[in-house]
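*Asks:* Just the structure for this:
(one chain, ligands or ions: 1)
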Amino acid sequence: MEVFDKVRLAITDYDYRGRGMGKADGAVVFLDGGEIGDVVDVTIVKKKKRFFEGEIASYEKKSPHRVKNPCPYTNCNGCAFLSLDRKEELAWKRRRVADALARIGDVDVHVDPVVARGESTGYRNHMQFHVKDRKLTLYGKGGEVISIKRCLMQTERANEILAAMQGEKWLDEVALVGIRTTRRGESMVILSGPKDMNDNLLHGAVAFAVEAGVDSLYYTKNTNPRFHYGRKMEHLYGKKEITETLAGYDYGIFGANFFQVNPMGAEAIIEKVVSAAEPGKNIVELYAGIGTITLPLSEQAEAVVANEYAQTSVDYARKTAEDNGVTNVRYIAGAAEKIMPRIAEDEKVDVLVVDPPRAGLDPMVVESALQANPEAMIYVSCNPSTLARDLALLKEQFHIESITPIDMFPHTAAVETVALLSKLNTEHHLDIEIGEDELSEIDFSKDATYGEIKKYVLDKYGLKVSSLYIAQIKRKHGLIERENYNFSKKENQRVPNCPEEKEKAIEDALEHFGMI
Ligand SMILES: C[S@@+](CC[C@H](N)C(=O)[O-])C[C@H]1O[C@@H](n2cnc3c(N)ncnc32)[C@H](O)[C@@H]1O
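*Replies:* Okay, here's the model as predicted:
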């Protein structure tokens, strides 16, 4: 197959952005659209070493899963799944998680049906629109700007403000508008422009806010096109904060501070996490953000130690805990990869909760999580691929109790997952009840844990070895089947090679336990 060739193919899957893909001449072709079940005629536009890219020229057969797109802006790049039946969308999200776990993590477990909470439209409480010729716009599929009068995904209140703002003269001095709303019906508008605030803009914008009933108005100067907002927020009018209640706790929202975009989806995650943590435990939570999981977790916990990298989020989380009367949470600011090894040494960790960004867990976090050896671990993930990669290591010491995808961003390809893990024991290894006769058939030597291997190496050689090194050597001897296990090169998190002296000591231990 070559560029400009025309091929016919059936769309059988989506890529991570929700764009159709299929096979032609045995090779994978990524498309610019389409739905699973479509049969399409495609022009090949790019040839890569292992795949092709194609543009759909015409539809030979339309998928039975297609529905009428309810959005008039069909070229907008915001939502991937508006022409697809919701049931099919959720079924694909479930498959996406299961496939990633099997393919990347060699994890073959039951994946629960996707939890979808609330309406699939009108859920976004924060959106940004670029300003062009006094119109509010979103980017189209080809990078073009599309004037938007109403977005199906944001709240009705936000749409009222969006409609009222179109054509306002003072928008000439604004590059971007952010609209935030809460379930209490409060609203905030953030104006972002390249210059310092001036009186014309101030008067026009404040007059608009008063007339449109906007509760809070901010301005931020921003000259960096990579960011929506600048660092400094000027409060122009109305309340400084609007308030959202999430799982019973109040959070003040001001300026550009982070807050979950879909409160119903966030509550589904919180409930899953809280219901999995047994009462009375010492909980450590990494990547805690502003603490929307931390506070509900604290209710039944003995104590929570919460770690977060961003100092502004930690300051906010501390204040929010105090405002909500929570006293058993201790926040530690800093990178989880630096903090967790210390926690593993110094603290009692009954339950470890993690909610990392898309890059997943840092190798040091995996390593020290194994070392801390908690009874249970709860992993909230926004990226099935890095979840799978991390579970591949964690499953050496944890049993995967359940995997529950949660639909935080309906009509997009994004999917969140909550994985519940419990400390592995012999029962989990065997998984089935077996009689005396059968027991004698089982080679228990294969069950040497990482802890046992570490102890053997320390006792015999006086060397401390990490679980990651043990995993490397087990992989070398085919005891872990996965190949190509690597941490992201982009994040510069590749696992270092095990030093020779430690490699020999680990191999001796594996031999001692009859594993090689
Ligand atoms: C998916 S969000 C978690 C949000 C959180 N559950 C909340 O409700 O706010 C991931 C968080 O990890 C933080 N983060 C990113 N890298 C980190 C690191 N190396 N160490 C600790 N936290 C980090 C981000 O600042 C962000 O707040």
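
*Asks:* pLDDT score assigned to the residue in the stretch 401-516 of the chain that the ligand sits nearest to?
*Replies:* Among all residues of the stretch 401-516 of the chain, Glu416 sits closest to the ligand, at 8.9 Å; criterion: Cβ to the nearest ligand atom. In this view, the C-beta of every residue, glycine as well, is placed from N, C-alpha and C. Note on Glu416: pLDDT of 98.

*Asks:* which residues does it contact?
*Replies:* 265, 269, 380-382, 405-408 (Cβ atoms under 8 Å, 6 or more residues apart in numbering).

*Asks:* what do you get for Arg17?
*Replies:* 80, 413.

*Asks:* One more: Ile403?
*Replies:* Neighbours of Ile403 in contact, by Cβ under 8 Å, 6+ apart: 97-98, 101, 109-112, 417-420.

*Asks:* Check pLDDT for the residues you listed and point me to the minimum.
*Replies:* Val109 (92).

*Asks:* Nearest spatial neighbour of it, chain-adjacent residues omitted?
*Replies:* Ile400 (5.0 Å; Cβ to Cβ, 6 or more residues apart in numbering).

*Asks:* hang on, that neighbour is in a strand, isn't it?
*Replies:* Yes: under DSSP: H, G, I helix; E, B strand; the rest coil, Ile400 sits within a strand.

*Asks:* related to what we said a few turns ago, mind giving me the PyMOL select for the contacts of Ile403, buried ones only?
*Replies:* Burial among the contacts of Ile403 is assessed by 16 or more other Cβ atoms under 10 Å; the matching PyMOL selection reads:
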select buried, resi 97+98+101+109+111+417+418+419+420
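
*Asks:* Can you add distance to Met188 and give the contacts of Ile403 back as JSON lines?
*Replies:* Below are those laid out as JSON lines (distance: Cβ to Cβ, whole Å):
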{"residue": "Val97", "distance to Met188": "34"}
{"residue": "Ala98", "distance to Met188": "39"}
{"residue": "Leu101", "distance to Met188": "39"}
{"residue": "Val109", "distance to Met188": "42"}
{"residue": "His110", "distance to Met188": "42"}
{"residue": "Val111", "distance to Met188": "38"}
{"residue": "Asp112", "distance to Met188": "36"}
{"residue": "Thr417", "distance to Met188": "31"}
{"residue": "Val418", "distance to Met188": "30"}
{"residue": "Ala419", "distance to Met188": "35"}
{"residue": "Leu420", "distance to Met188": "36"}
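
*Asks:* Now, the contacts of Ile403 that are in strands?
*Replies:* Members of the contacts of Ile403 lying in strands (criterion: DSSP state E): 417-420.

*Asks:* which residues touch whichever residue of the chain sits closest to the ligand?
*Replies:* Distances between the chain and the ligand by Cβ to the nearest ligand atom are smallest at Gly289, namely 2.1 Å. Contacts for Gly289 (Cβ under 8 Å, 6+ apart) come out as 258, 308, 310, 313, 317, 355.

*Asks:* just to revisit the earlier point, tell me the contacts of the residue nearest to Val109?
*Replies:* Contacts of Ile400 (Cβ under 8 Å, 6+ apart): 107, 109, 391, 419-421.

*Asks:* Could you single out the nearest of the residues you listed to Glu345?
*Replies:* Taking Cβ to Cβ as the measure, Glu345 sits nearest to Leu421 out of the contacts of Ile400, at 21.3 Å.

*Asks:* how close does the closest residue in space to that closest one that isn't next to it in sequence get to Asp99?
*Replies:* Closest residue to Leu421 apart from its sequence neighbours, by Cβ to Cβ, 6+ apart: Phe398 at 3.8 Å. Computed as Cβ to Cβ, to the nearest Å, the Phe398 to Asp99 distance reads 21 Å.

*Asks:* between these two, who's got more neighbours?
*Replies:* Each of Phe398 and Asp99 has its neighbours counted (other Cβ atoms under 10 Å); Phe398 has more, 25 against 16.

*Asks:* Kindly state the beta-bridge partners for the more buried one.
*Replies:* Note on Phe398: beta-bridge partners by DSSP bridges are Lys423.

*Asks:* pretty sure it is in contact with Asn425, am I right?
*Replies:* No: using Cβ atoms under 8 Å, Phe398 makes no contact with Asn425, being 10.4 Å away.

*Asks:* ok, the closest residue in space to Lys395 that isn't next to it in sequence - how many residues close by?
*Replies:* Closest residue to Lys395 apart from its sequence neighbours, by Cβ to Cβ, 6+ apart: Val107 at 6.3 Å. The number of residues packed near Val107 is 21, by other Cβ under 10 Å.

*Asks:* give the contact list for Val107.
*Replies:* Taking Cβ under 8 Å, 6+ apart, one finds 101, 388, 391-392, 395, 400 in contact with Val107.

*Asks:* still on that earlier bit, of all pairs in the ones in strands among the contacts of Ile403, which one spans the longest distance?
*Replies:* Thr417 and Leu420 (10.6 Å).

*Asks:* which neighbours do these two share?
*Replies:* 403-404.

*Asks:* is it true that Glu271 lies in a strand?
*Replies:* No: remark: Glu271 does not belong to a strand; assigned using three-state DSSP, it is helix.

*Asks:* which residues does the residue nearest to it when sequence neighbours are not counted contact?
*Replies:* Leaving aside its sequence neighbours, Glu271 sits nearest to Ala247 (Cβ to Cβ, 6+ apart; 7.2 Å). Taking Cβ under 8 Å, 6+ apart, we find Ala247 in contact with 266-267, 270-271, 274, 292, 295-296.

*Asks:* out of those residues, which touch the ligand?
*Replies:* Thr292 (Cβ under 6 Å from any ligand atom).

*Asks:* so of the contacts of Ala247, which ones are in helices?
*Replies:* 266-267, 270-271, 274, 295-296 (DSSP state H).

*Asks:* got a winner among these for most neighbours?
*Replies:* Leu295 (27 neighbours).

*Asks:* Close to the ligand: what parts of this protein are there?
*Replies:* 287-290, 292-293, 307-310, 313, 335-337, 355-357, 382.

*Asks:* check contacts around Ala288.
*Replies:* 294, 306-308, 313, 317, 331, 355.

*Asks:* could I get the residues you listed as a markdown table with secondary structure and neighbour count?
*Replies:* Shown next, in a markdown table, are the contacts of Ala288 (DSSP: H, G, I helix; E, B strand; the rest coil; neighbours: other Cβ atoms under 10 Å):
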| residue | secondary structure | neighbour count |
| --- | --- | --- |
| Thr294 | helix | 27 |
| Ala306 | strand | 27 |
| Asn307 | strand | 24 |
| Glu308 | strand | 26 |
| Ser313 | helix | 18 |
| Ala317 | helix | 25 |
| Tyr331 | strand | 19 |
| Asp355 | coil | 22 |
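
*Asks:* can you list the weak-confidence ranges in this structure?
*Replies:* 426-447, 480-495 (pLDDT under 70).

*Asks:* Start and end of stretch 272-282, how far apart?
*Replies:* 18 Å (Cα to Cα, to the nearest Å).
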